[in-house]
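> I'd like to go over a predicted model; first the sequence, then the structure.
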Protein chains: 2
Amino acid sequence: MKTPLEDLKKLVGQPVAAIDTPALVVDLDAMQRNLSRMAEFSRKHAIKWRPHAKMHKSSALAKLQMQAGAVGVCVQKTSEAEAMVAGGVYNVYISNEVIAPAKLARVAELAHQVAAEHGQLAIAVDSLQGVRRLAHEMNERRRGGHGAVIDVFVELDVGQGRCGVTPGQSAVDLALEIRKHPPLRFAGLQAYHGRAQHLRSPRERREAIATVVRDVRFTRQLIEDEGVTVGLVTGAGTGSMVCEAASGLYGELQAGSFLFMDADYAANERDPAQPQFEHALFVKSQVMSAGLLHAVCDAGHKSHAIDSGLPKVLTLEPTGALEFAGASDEHGVLKPANGNQRLPRLDETVWLIPGHCDPTVNLHNVLIGVVGGLQNGRVDKIIRVDARGALT
Amino acid sequence: MKTPLEDLKKLVGQPVAAIDTPALVVDLDAMQRNLSRMAEFSRKHAIKWRPHAKMHKSSALAKLQMQAGAVGVCVQKTSEAEAMVAGGVYNVYISNEVIAPAKLARVAELAHQVAAEHGQLAIAVDSLQGVRRLAHEMNERRRGGHGAVIDVFVELDVGQGRCGVTPGQSAVDLALEIRKHPPLRFAGLQAYHGRAQHLRSPRERREAIATVVRDVRFTRQLIEDEGVTVGLVTGAGTGSMVCEAASGLYGELQAGSFLFMDADYAANERDPAQPQFEHALFVKSQVMSAGLLHAVCDAGHKSHAIDSGLPKVLTLEPTGALEFAGASDEHGVLKPANGNQRLPRLDETVWLIPGHCDPTVNLHNVLIGVVGGLQNGRVDKIIRVDARGALT
């Protein structure tokens, strides 16, 4: 049975050793350093940051980020936006398309809810139907010409091959359509190149984003030629953010993973312009079976996502370097690595660095925040993943 | 925000079209047929079945299986066992090693709890430490020589390369150790060959299990030579179960995936002896962005696990054959397949068959059970995934 939140709160103040395994643990000291580095980076580049809350799915962490200077958060799902608002986060951008009328009704409801809190809701679109349905639902809630206004970004497909219109005339058509509807405000362009995030060399990432910048500039000009101001270009992830920040085009960075860093982002060759973000998210696991040639820990892919590769094993004394050689649902097979001869013993703690932080966090109800390090620290707080499983 | 269970219950009686996306949907008619086929198979082979609840993580489905003839369920985690017992399932086998004393205390507590309900708890071991610690915790709860007895299986590594001792003398040592402790009952051997489940041809699976059977027989003989009865050999999954059932050695089948079937098991070439299990688990998703060469649905790998490959798309009219060409966290990219030229339109419903049912179910709080088919049926019940996220 899931340990209720109240039971988990009893962990606060206890040593890290008291954390049952497997558990998702945040090194709060490292997280705070990542947060400070991001805040400093955005100040230096005079660029807004709106970190993606799809990564941590926690309204508490969203508020922490806003206290550090973030203008709000991004989410991908209506239900994530609802969780953020319920948690007291009133500046939320659904950086994704919503097309189902029932969901758009919820979006319109949220737009009014955050307006009442002096906040602002925003959303992305890539179809005329999407714009018109959104306008219909927003209009349904207007009384005598009064009501909330929602910010609407036109999404461009800048190389991801997923959502968004092709840069060019389609974006103009959408911008003009948005302007026909009083409860919608054309806020600018969404231009996120997901594939560029994990190009391994800084040169490849710069080249990819240079192409994006060219396409977005061209599209922005087309829209402004119609007398319509493009207020903001928003996008970027932890992999490419230094390129968008240096572009002179983007006004807002959406990077989210910087807060925790994962094994996949750490595999990128760092751009010298990029802050040195540290791993802050770990799966604490325990060896529960020890063979002659391998050991088995109690964390499989129900406790960490493997879509971006298997986790790395943090090397701490007395455990030597280990390879996470294979995962099944509830088990991880560990083998010695880098010429190390020693296998961990039964009972030993093994710390895993997840391959991909976003879907890993989504597997857990809580994050266990520790201060003072993973070996000798203590539990400082239990952070609810309040948008966990928010899929719709 | 997650839709509360009470809101979801309002769906009961409504048409399938009313289900918001993405959602995990069970075709209850197909599930019931799978259940009947499994019950019939076990009767025909006079073999017990104890389906793995790590797959569905639902005490309601566990009870349904027991009503159909299952002797109980398997789980992998102490917390899963707790969820089952809390849900009224009192015959539970933790088919995995538990080594942390704090967890073994919970195991011992559960053993007493199910005994009070005339049930039985069982567990696997593969180390002397594990046996001794379990005995210690069980003894802690005995008063005046009275208390519950826990069934203990010695796990053999029969080719999985994960937990379990090598077949042979190590298993004898463990069986003898178990017999030293009155609250432990040596119940037999756990011999599950996970890797054999997905060997694609029946011949390969038969050869793999033939080797397993030889190793287990040899080990059983060694133990019985010590005057110790091996009461039961337990194991098997949906891929290989016909081999274990025909072995004359196994007394219990642990297959779990047969209930829902997934794309990976369906990719096996079916053994003629195997019941024809049908897909019963689907992700209902909706196209929320439509490009010229692809469409994008609202289900990514936060709604279905991709550790065993991307989902397949169920072909239903009017949608022609589609390929699920790529997943990100919240999106699925769809392309026409098999010479089909037509892409689904914005709004269209797309049904996905998950690659791997176990970790897919673990992403969802509920299963939405429908009767009368996916196209014209209605919602019959909301099934809680009460052990979702039960990791410890």
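Cool, the structure landed.
> quick check: closest non-adjacent residue to the residue most central in space within chain A.
In chain A, the residue lying closest to the centroid (Cα atoms, centre = their mean) is A:Met55, at 3.0 Å. Leaving aside its sequence neighbours, A:Met55 sits nearest to A:Gly256 (Cβ to Cβ, 6 or more residues apart in numbering or on different chains; 3.8 Å). Backbone N, C-alpha and C define where each C-beta goes, glycine included.
> next: A:Phe153.
A:Gln190 is the one closest to A:Phe153 (Cβ to Cβ, 6+ apart), at 4.2 Å.
> burial check on the residue nearest to A:Met55, number of neighbours?
Using other Cβ atoms under 10 Å in any protein chain shown, A:Gly256 has 22 other residues around it.
> hang on, the earlier thing: and the residue nearest to A:Phe153, bridged to which residues?
Counting by DSSP bridges, A:Gln190 forms beta bridges with A:Glu155, A:Thr234.
> ok, back up a step: and the residue nearest to A:Met55, what pLDDT?
A:Gly256 is assigned 97 on the pLDDT scale.
> quick one: it and A:His52 touch, right?
Yes - with contact defined as Cβ atoms under 8 Å, A:Gly256 reaches A:His52; the gap is 3.1 Å.
> so what sits against both of the two?
Jointly contacting A:Gly256 and A:His52 under the rule Cβ atoms under 8 Å, 6 or more residues apart in numbering or on different chains are A:74, A:237.
> OK, contacts around A:Ala295?
Counting by Cβ under 8 Å, 6+ apart, A:Ala295 has contacts A:287, A:289, A:333-334, A:343-346, A:348.
> any stretches of chain A with poor pLDDT?
Within chain A, the stretches with pLDDT under 70 are A:1-4, A:317-319.
> the same query, at a cut-off of 50, please.
Scanning chain A for pLDDT under 50 picks out the ranges A:1-2.
> list the contacts of the longest helix belonging to it.
Longest helix of chain A, by residue count under DSSP state H: helix A:202-224. Here helix A:202-224 makes contact (Cβ under 8 Å, 6+ apart) with A:156, A:158-159, A:167-169, A:171-172, A:175, A:189, A:191, A:193, A:195-197, A:199, A:230, A:233, A:235, A:239-240, A:243-244, A:247, A:249, A:268-272.
> those residues in helices, which ones?
A:169, A:171-172, A:175, A:243-244.
> can you redo those as JSON lines with neighbour count and distance to B:Pro359?
Shown next, in JSON lines, are the ones in helices among the contacts of helix A:202-224 (neighbours: other Cβ atoms under 10 Å in any protein chain shown; distance: Cβ to Cβ, whole Å):
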{"residue": "A:Gln169", "neighbour count": "12", "distance to B:Pro359": "43"}
{"residue": "A:Ala171", "neighbour count": "26", "distance to B:Pro359": "38"}
{"residue": "A:Val172", "neighbour count": "18", "distance to B:Pro359": "43"}
{"residue": "A:Ala175", "neighbour count": "27", "distance to B:Pro359": "42"}
{"residue": "A:Cys243", "neighbour count": "24", "distance to B:Pro359": "35"}
{"residue": "A:Glu244", "neighbour count": "30", "distance to B:Pro359": "34"}
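> ok, back up a step: if any of the contacts of helix A:202-224 are buried, put those into a PyMOL selection.
In PyMOL, this line selects whichever of the contacts of helix A:202-224 come out buried by 16 or more other Cβ atoms under 10 Å in any protein chain shown:
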select buried, chain A and resi 156+158+159+167+171+172+175+189+191+193+196+197+199+230+233+235+239+240+243+244+247+249+268+271
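> so is the residue of chain A most remote from its centre in a helix, a strand, or just coil?
Here the centre of chain A is the reference, and by Cα atoms, centre = their mean the most remote residue is A:Leu292, at 40.0 Å. Judged by DSSP: H, G, I helix; E, B strand; the rest coil, the three-state class of A:Leu292 is coil.
> that one: what's it in contact with?
Counting by Cβ under 8 Å, 6+ apart, A:Leu292 touches B:Thr166.
> what residues sit buried inside the helix or strand hosting A:Asp264?
In the assignment (DSSP states H and E), A:Asp264 maps to helix A:263-266. For helix A:263-266, the neighbour count (16+ other Cβ under 10 Å) marks A:263-265 as buried.
> and of those residues, the nearest to chain B?
Nearest to chain B out of the buried residues of helix A:263-266 is A:Asp264 (Cβ to the nearest Cβ; 12.6 Å).
> skipping adjacent residues, who's closest to the closest one in space?
A:Ser308 (4.0 Å).
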